[in-house]
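Engineer: Structure for the following, please:
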Amino acid sequence: KVLAQLTIATLVCLTSSPSMALHPAEFPHQHVEHPEMEPGDKDHEPEEELAPEISRTYAGIGLLGGALLDNGTQLASGMGAGGGFEVFLGWRFNQWIGIELDWTTSFHPTEGEEGFQVASALIGTLSGLVRVYFSEPKSVEPYIALGPALMTANGGPQSSTSLMGLGFSGVLGLDIHLNPWLTLGIKSTYLGSFVDNTEGRMDYLPDFPAEASFLSMVSGSTHVRFNF
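Structural biologist: Prediction:
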């Protein structure tokens, strides 16, 4: 009888011990593992918006108006303000730098001016420009362009030769991209070129004053550009 009581007491102690109470057999359980947070997940930031696609190759055509700055010579003062058009072709290396070949022609009245034997002068320019953009590609892009230039002048179809001079060109422009294929632009241009029309030269133009001069022309233009 005493032995039975001791056995019952032992069983009661075992079932009431802390280790048995934590995980009683009649209550099945499951350990849930909590996944570790990866670094940066908590502070995840949205992806940065991509810059607009850069159009590598482009070509354009536009209208321009310009005038030569009077420097006291007959060549500069005799050709009045005039207008014409331009065509250009360009290629962009990256978002900051591009190159461009630009050709312009404009008509300038000379009738009645001393030294001129024609009613108007035809001025042409051919410039090789390096474009530098001020910002990353976006809808509106300002830029500057610099490069060497060739200037020609004659009296149109009635002239047998053209007066030629080497110089440089500088441009301040603004491109407005309407869509990936079409761009509108405005720009102002300075052209400086030395020309020598003294007698005896191969490019001597008898219809123009016989003198040498550094000619400066400023112009403004607007154009439409097609991107490829």
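
Engineer: ranges for the helices of this structure?
Structural biologist: Using DSSP state H, the helices found in the chain span residues 2-15, 18-22, 74-78.

Engineer: Least confident of these, on average?
Structural biologist: Mean pLDDT is lowest for helix 18-22 out of the helices of the chain, coming in at a mean of 46.

Engineer: And the strands in the chain?
Structural biologist: Applying DSSP state E to the chain gives strands spanning 57-68, 82-92, 97-109, 120-133, 140-154, 163-179, 182-196, 212-227.

Engineer: Mean neighbour count added to those, as a markdown table?
Structural biologist: All C-beta spots, glycine's among them, are computed from the backbone N, C-alpha and C. Output for these, formatted as a markdown table (neighbours: other C-beta atoms under 10 Å):
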| stretch | mean neighbour count |
| --- | --- |
| strand 57-68 | 17 |
| strand 82-92 | 17 |
| strand 97-109 | 18 |
| strand 120-133 | 20 |
| strand 140-154 | 18 |
| strand 163-179 | 17 |
| strand 182-196 | 18 |
| strand 212-227 | 18 |
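
Engineer: Other residues contacting stretch 168-179?
Structural biologist: Residues from elsewhere that reach stretch 168-179 (C-beta atoms under 8 Å, 6 or more residues apart in numbering): 52, 102, 125, 127, 129, 139-149, 183-193, 225.

Engineer: quick one: residue 166 from residue 220, how far?
Structural biologist: Distance, residue 166 to residue 220, by C-beta to C-beta, to the nearest Å: 23 Å.

Engineer: cool, and residue 134?
Structural biologist: With the distance defined as C-beta to C-beta, residue 134 ends up 19 Å from residue 220.

Engineer: And residue 80, by the same measure?
Structural biologist: Distance from residue 80 to residue 220, by C-beta to C-beta: 16 Å.

Engineer: Excluding chain neighbours, what is closest to the spatially most central residue of the chain?
Structural biologist: For the chain, the residue sitting closest to the mean C-alpha position, by C-alpha atoms, centre = their mean, is residue 133 at 4.7 Å. Of all residues not flanking residue 133 in the chain, residue 143 sits nearest, at 4.7 Å (C-beta to C-beta, 6 or more residues apart in numbering).

Engineer: which residues touch residue 214?
Structural biologist: Applying C-beta under 8 Å, 6+ apart, the residues near residue 214 are 71, 192-195.

Engineer: what's the closest of the residues you listed to residue 87?
Structural biologist: Distance to residue 87 across those (C-beta to C-beta) is lowest for residue 193, with 19.5 Å.
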